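# Quick check, what structure comes out for this input:
(chains A, B and C)
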Amino acid sequence: MSAARTRGTGTVNLSLLAGGALIGLVILVAVVSFVWTPHDPYHVDSTHRLLGPSPTYWLGTDTFGRDIASRLMVGSRTTLFVGVIAVGVAAVLGTPLGVLTGMTRRLAGFIMRATDLAMAFPALLLAIMFGAVFGSSTLTAMVAIGLASIPAFVRVVRAGTLQVMSTEYALAARAAGRRGPGIAVRHVLPNVMSLVIVQASVSFAIAVLAEAGLSFLGFGTPPPTPSWGRMLQESQELLFTHPLLAVWPGVAIALAVLGFNLFGDGLRDRYDPRLERRR
Amino acid sequence: MSHRFLTRTGVFVASLAVASVVVFGFLAVLPGDPARVALGVNATPEAVAQLQKEFGTDRPLFAQYLGWMRGLVVGDFGRSYVTREAIGPQVIDRLGVTLWLVGAAMVIALLVAVPAGTVMAVRHRRLSGLVLSAFSQLGIAVPAFLTGVLAVAFFAVRLDWLPSGGYTPPAEDPVEFVRQLVLPATALGLAQAAILARYVRSAVLDVLREDYLRTARAKGLTPTRALLRHGLRNAAIPVSTVLGLQLATLLVGAIVVERVFVIPGLGSLLLDGVANRDLLLVQGVVMVLVIAVLVVNYAVELLYAAIDPRLRGTR
Amino acid sequence: MSKETLTVRRLAVHRHDGEALVTGVDLTLAPGERVGLIGESGSGKSLTALAIMGLLPEGLRASGSVRLAGTSTDLLDTGERALADLRGNRLSMVFQEPMSALNPLMRVGDQVAEVLRLHQTGIGRAAAAAKAVELLDQVRLPDPAQAARAYPHQLSGGQRQRVLIAMALANEPAVLLCDEPTSALDVTVQAQILDLIVAGTAHRDTSLLFITHDLAVVATVCSRVLVMRDGSIVESGPVEQVFTRPQHPYTQALLDAAEPPASDAASSVQKAGQSLLSVENAARVYTRPRTSLLTPRPRVAGLRDVSFDVAAGQRFGIVGESGSGKSTLVRLLAGLDRPTSGSVRFAGREISALPERRLRFLREDVQMVFQDPSGSLDPRMRVGEIVAEPLVALGRARLRTERANRVRDLLDAVGLPADAAVRFPHEFSGGQRQRISIARALAPAPKVLIADEPVSALDASVRSRILELLASLADSHELTLVFVSHDLAVVRQICDTIGVLHQGELVEIGPTEQVYTQPAHPYTRRLLTAIPTVTRALAGVSASDLASAPADLPEH
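Model prediction:
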């Protein structure tokens, strides 16, 4: 048992560390951007259009002469903001629904069918529908991505709840005199919390991707606020002459997604009850 | 007919009905009357009423829904409020284009993900497995539209090997059709393969821990043959669960990839509709996308019974 | 020396960080010889078998030598491909868990035929299929042709184990290794499987290495025995010698635990007090999900028409095999489930119709101890919180210090140190966790303690200590005990009255010794016949004797 654990932590730490470092980097950049950026990210300067990387402009300038590094820094705020709100909405709504479907018979069937159906509306499609009706904004993007992330939480938490409810300690709690809500709070929630955290990390990665895709299509945060997806889309027309313009926002998106996915994977390996059960 | 088949069918039909209500209802809440929007602010009330009658928007919402549904069943999506063209033929036409793209991407994804995921599981403690695993993580992190943009920059712009976009019907020019499909389908398929490979990996890892695989080894099968003969079919069960969901992701991914490669598919139609505020068109396209996902999920549910004898009626 | 079929010398198993899990194991098997390998969990007995088969889990390495008659090389130096040719052919193995050991997607007959086709060149598909049916017939599956077409989920655990034995014996192996092949099975099924293994190996002159924790099974099946502890063999010799004149104190301790003396409780029926728990015509019917829209939901009777009384101060034992309805009965008694019909009363009050919020009186006076010592404790709670849970849930001992004092007293009563309260369950051994579970049950000072298989998951040596603890607590706390188990020996040790459950019915009830010595119901007789004991085995009772059922009961 201890063998599996030490072996496990060896590899787990790698994913957790790398993921944590990448997430930390994105957060750090976002925080720093509030007080300092190399240049004004909104400053249009036609004399400095499309410059390559240099000591002054670390990553070069875009077609309006704006500093790409500064815009990427500020863009990370949009990414994190959308992700935090969307995942927060999904976790806060999805977790209780999952516990409820795991503990009660009557509602479970209905909620699970609704969840299945909701899975046919991925974040991007929902956001496009929202955009068509309410117009595109950061808010519609957040709400759409958040709503689309709920089913994943419901499923994961329900599976965890069913597992907890099938244990003898849940039965023991009933025999000890605890009722449904007490069992939910004292036994189910603490034991499914690890699943919620893992899912939050994975959903965050999905949210970053969805936000980038939305901005790429022009549905996300409206200009001139910088956003990685829009920067990528703007670069597309200049692909023939300045391919680097596409690389920088692409790398930023990939690193952020990679960070959250690795972090989630690392957490999962750490919490996975199956690993503990193995000899 | 087993009970399972009937319930699944019932759930499928109910899901279709609920989905149609959601899609219709959602887009019906939009403020502003389509006739007034179409005619502009200076239109006379008579002209607006006239157009409302033509669009059918003077009827109660429920009647409108029924009319829309009745049309859907026979492939009549109504006429666009903006261009006045029939939507049905456009949707059918564009659906074909998107299906080529998504189908090709799915094939690429499966061809890459199944072997890669299996190797990742079997060698999960060795270097080759870890390297593949790292690649799949990277693959998930790079969205299809980014791969697409970079692929265009490299293969179309720099090397000039393949066209940077467009679409030619296969009946017209099969060679050009394939050349144009290669980059978008690969971009879409690889992104999907990375995700799918993780599912394959965890399914195979689970199977590797099963007692019956140990039994197979004790019978005298080598590890590889034991996995091939007893493991993979068992691993296919959890993997096929996600295939239906994967299709939803693929269809949505196609919307963006079509934009990158200027492909006249459903995605472009949808985006055009949104840009022109052509709601009936948006409604139709969204509905077709959702139906496609539900149909595939239903098919996968039925497929289980073919794979798994435990789900076949009697026990 | 060359007459031995299997010769193992200085076998050791190491983890790749160097830690030794098995060291210096020597063993030989003569043709047709049956040897037992005994050890408790973690002794390394399973690893020994896996090392011989070359099936050690990743990360473990074997050293020493393993030689099989008829092969020139040491098995430990043999490559995977050559080893695979031997497995299932000259060297076979049967594992513990029949439920998961068969491929769920493949017909049983095909799985048996596969092992034939793998090793017998030139055997055609049809011939292999026919031979598979023949083998299934040899392991006494009813209607073997039908069974061959079945999928594993359509067979019971005992039937699946028969299939696995058929597979293992299909190619007439020189050596058969059995790793706890009957530990997951009911005792009556165990008797049949043991009979089958003995008959099957004797018929083929196959050498048998039988691995188990159960001394009585080894005494019944084997002629020679090795006792393993902490990775090495501590004693070996003929069964008769080792079990009558054990040299090693560990063997002696195992023997003492295996053949516990009947307790005083069993012989002296307690003065019957007032009836405390009373079950009258209780029945519980479960509905299964429907399989067709045209037929109603299938109904399965978990319990039918059960009536009995438990008097205050009594130690009431309930015995039954899996599917007998004993878990259902426990849930009804504890107010965790309701009977479909009939009544359950505690201290004269009907509990079966009450909603959860009105069962407080029951929760205060009736507490439970569960089977699985790791599953019945919330892994994320500290032991102190776990023990105090009934107090908190019932709103007793509201002050923190008061609770802490109570927890300390309770831990002390079950023989755990006070500092256990701040630790987590996974830091304790199985036996200690069961003590925690008992402390929790005692927290509200209940009148009745219901113990559901409380020692089934524990090793024999730990088992007797937990039973002693339960007995002494029952005395000191004036508890009424309801003790549920599949194991008659355990129930006999602690209870004064026994009820026997069979397929949802209470077939017999009476004072322990009476049920033991003069069983009235044929099922009880069959159950008693099927139980292997060291004493009876040494007196010459064989596996086929255990399996000989009274004629008036159908096999299930």
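# contacting residues around stretch A:101-113?
Residues from elsewhere that reach stretch A:101-113 (C-beta atoms under 8 Å, 6 or more residues apart in numbering or on different chains): A:97, A:100, A:154, A:157-162, A:164-165, A:180, A:183-184, A:188, B:11, B:14-15. Where C-beta positions appear, they are placed from N, C-alpha and C, glycine not excepted.
# Just the buried subset of those, written out for PyMOL, thanks.
Typed into PyMOL, the line below selects the buried ones among these, using 16 or more other C-beta atoms under 10 Å in any protein chain shown:
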select buried, (chain A and resi 97+100+154+157+158+160+161+164+165+183+184+188) or (chain B and resi 11+15)
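# In helices, which of the contacts of stretch A:101-113 appear?
A:97, A:100, A:154, A:157-162, A:164-165, A:180, A:183, B:11, B:14-15 (DSSP state H).
# Pick out whichever of these sits closest to residue C:249.
Residue C:249 has its nearest neighbour among the ones in helices among the contacts of stretch A:101-113 in residue A:164, at 42.9 Å by C-beta to C-beta.
# So that closest one versus chain C, what's the distance?
9 Å (C-beta to the nearest C-beta, to the nearest Å).
# Pretty sure that residue sits against residue A:189.
No: assessed by C-beta atoms under 8 Å, residue A:164 is found out of contact with residue A:189, at 9.2 Å.
# how about the residues of chain B near chain C?
Chain B has residues B:2-3, B:6, B:125, B:210-212, B:214-223, B:229-230, B:233-234, B:307-310, B:313-315 near chain C, with proximity defined as C-beta under 8 Å from any C-beta of the partner chain.
# Can you tell me which of those residues are buried?
Buried by 16+ other C-beta under 10 Å: B:210-212, B:214-223, B:229-230, B:233-234, B:308-309, out of those.
# residues near residue C:121, how many?
By other C-beta atoms under 10 Å in any protein chain shown, 6 other residues sit near residue C:121.
# Now it, what are its backbone angles?
Note on residue C:121: backbone dihedrals following degrees, to the nearest 10 are phi -70, psi 140.
# Could you do residue A:134 as well?
When read as degrees, to the nearest 10, the backbone of residue A:134 gives phi -100, psi 0.
# which residues does it contact?
Taking C-beta under 8 Å, 6+ apart, we find residue A:134 in contact with residue A:140.
# ok, the residue found closest to residue C:218 once you drop the neighbours it is linked to in the chain to residue A:192 distance?
Distances taken as C-beta to C-beta, 6 or more residues apart in numbering or on different chains place residue C:36 nearest to residue C:218, at 3.3 Å, with adjacent residues excluded. Distance from residue C:36 to residue A:192, counting by C-beta to C-beta, to the nearest Å: 45 Å.
# Mind jotting down where the strands sit in the stretch 451-556 of chain C?
According to DSSP state E, counting those that start in this stretch, the stretch 451-556 of chain C carries its strands in the segments C:480-485, C:497-502, C:505-511.
# Among those, which comes closest to chain B?
strand C:497-502 (23.4 Å; C-beta to the nearest C-beta).
# Could the C-alpha coordinates of the closest one be exported in CSV?
Provided in CSV are the C-alpha atoms of strand C:497-502 (Å, rounded to 0.1, in the frame of the first residue of the first chain):
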residue,chain,number,x,y,z
THR,C,497,-29.5,-18.6,20.8
ILE,C,498,-29.3,-19.2,17.0
GLY,C,499,-31.7,-18.6,14.2
VAL,C,500,-30.9,-20.1,10.8
LEU,C,501,-31.9,-18.2,7.7
HIS,C,502,-32.2,-19.9,4.3
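# That strand pairs with which strands?
strand C:315-319 (parallel), strand C:505-511 (antiparallel) (DSSP bridges).
# Test my guess that residue B:285 contacts residue B:273.
Yes: using C-beta under 8 Å, residue B:285 is in contact with residue B:273, at 6.4 Å.
# OK, contacts around the one residue sitting closest to the centre of chain B?
Nearest to the geometric centre of chain B sits residue B:251, at 3.0 Å (C-alpha atoms, centre = their mean). With contacts defined as C-beta under 8 Å, 6+ apart, residue B:251 is in contact with A:125, B:98, B:102, B:266, B:289, B:292, B:293.
# name the element it belongs to?
Assigned by DSSP states H and E, residue B:251 belongs to helix B:232-261.
# Pull out the buried positions in that helix.
B:232-237, B:239-261.
# Can you pull out the low-pLDDT segments for the stretch 51-200 of chain A?
Applying pLDDT under 70 to the stretch 51-200 of chain A flags no residue at all.
# Recalculate using a threshold of 80.
Scanning the stretch 51-200 of chain A for pLDDT under 80 picks out A:51-65, A:105-106, A:135-136.
# Near chain B, which residues of it are found?
A:113, A:116-117, A:119-125, A:128-129, A:131-133.
# Repeat the analysis, applying 7 Å as the threshold.
A:113, A:117, A:119-122, A:124-125, A:128-129, A:131-133 (C-beta under 7 Å from any C-beta of the partner chain).
# So which residue is smack in the middle of chain A?
residue A:204 (0.8 Å).
# related to what we said a few turns ago, which ones among the contacts of residue B:251 are found in helices?
Among the contacts of residue B:251, the members found in helices (DSSP H) are A:125, B:98, B:102, B:266, B:289, B:292, B:293.
# which residue packs closest to residue C:457, ignoring adjacent ones?
If the residues on either side of it in the chain are set aside, residue C:457 comes closest to residue C:372, at 5.6 Å by C-beta to C-beta, 6+ apart.
# between residue B:285 and residue B:273, which one's more packed in?
Remark: of residue B:285 and residue B:273, residue B:285 carries more neighbours, 31 against 25, as counted by other C-beta under 10 Å.
# Check which helix or strand that one maps to.
helix B:279-307.
# Test my guess that residue C:282 contacts residue C:338.
No: applying C-beta atoms under 7 Å, one finds residue C:282 not in contact with residue C:338, separated by 9.6 Å.
# Tell me how far the residue of the stretch 151-300 of chain C found nearest chain B lies from residue B:130.
Nearest residue of the stretch 151-300 of chain C to chain B, counting by C-beta to the nearest C-beta: residue C:151, 4.3 Å away. Note on residue C:151: its distance to residue B:130, by C-beta to C-beta, is 37 Å.
# Same question for residue B:240.
Taken as C-beta to C-beta, the span from residue B:240 to residue B:130 is 27 Å.
# just residue B:110 next, same as before
Distance from residue B:110 to residue B:130, counting by C-beta to C-beta: 23 Å.
# and the two? which has more neighbours close in?
Neighbour totals were compared for residue B:110 and residue B:130, and residue B:110 leads with 18 against 15 (other C-beta under 10 Å).
# which stretch of helix or strand covers that one?
Using DSSP H and E, the element containing residue B:110 is helix B:87-122.
# Quick check: which ranges of the stretch 201-350 of chain C have low pLDDT?
Under the criterion pLDDT under 80, the flagged ranges of the stretch 201-350 of chain C are C:258-273, C:287-301, C:323.
# For it, list the residues in contact with chain A, please.
So the stretch 201-350 of chain C meets chain A at C:334, C:336 (C-beta under 7 Å from any C-beta).
# Quick one: the helices in the stretch 201-350 of chain C, in order.
In the stretch 201-350 of chain C, the helices defined using DSSP state H, counting those that start in this stretch lie at C:215-221, C:239-244, C:249-258, C:264-267, C:326-333.
# which of those helices is buried the deepest?
Mean neighbour count, computed with mean count of other C-beta atoms under 10 Å in any protein chain shown, is highest for helix C:215-221 among the helices of the stretch 201-350 of chain C, reaching a mean of 26.
# how far is that one from where the chain is centred?
15 Å (C-alpha atoms, centre = their mean, to the nearest Å).
# Repeat that for stretch C:210-226.
Using C-alpha atoms, centre = their mean, the offset of stretch C:210-226 from its chain centre is 15 Å.
# can you list the residues that contact that stretch?
Residues outside stretch C:210-226 that contact it (C-beta atoms under 7 Å, 6 or more residues apart in numbering or on different chains) are C:27, C:33-40, C:45-46, C:49, C:178-180, C:182-183, C:194, C:198, C:233, C:236-239, C:242-243, C:254-255, C:258, C:459-460, C:532-534, C:537-538, C:541-543, C:546.
# In helices only, show me these.
Short answer: these in helices (DSSP H) are C:45-46, C:49, C:194, C:198, C:239, C:242-243, C:254-255, C:258, C:460, C:534, C:537-538, C:543, C:546.
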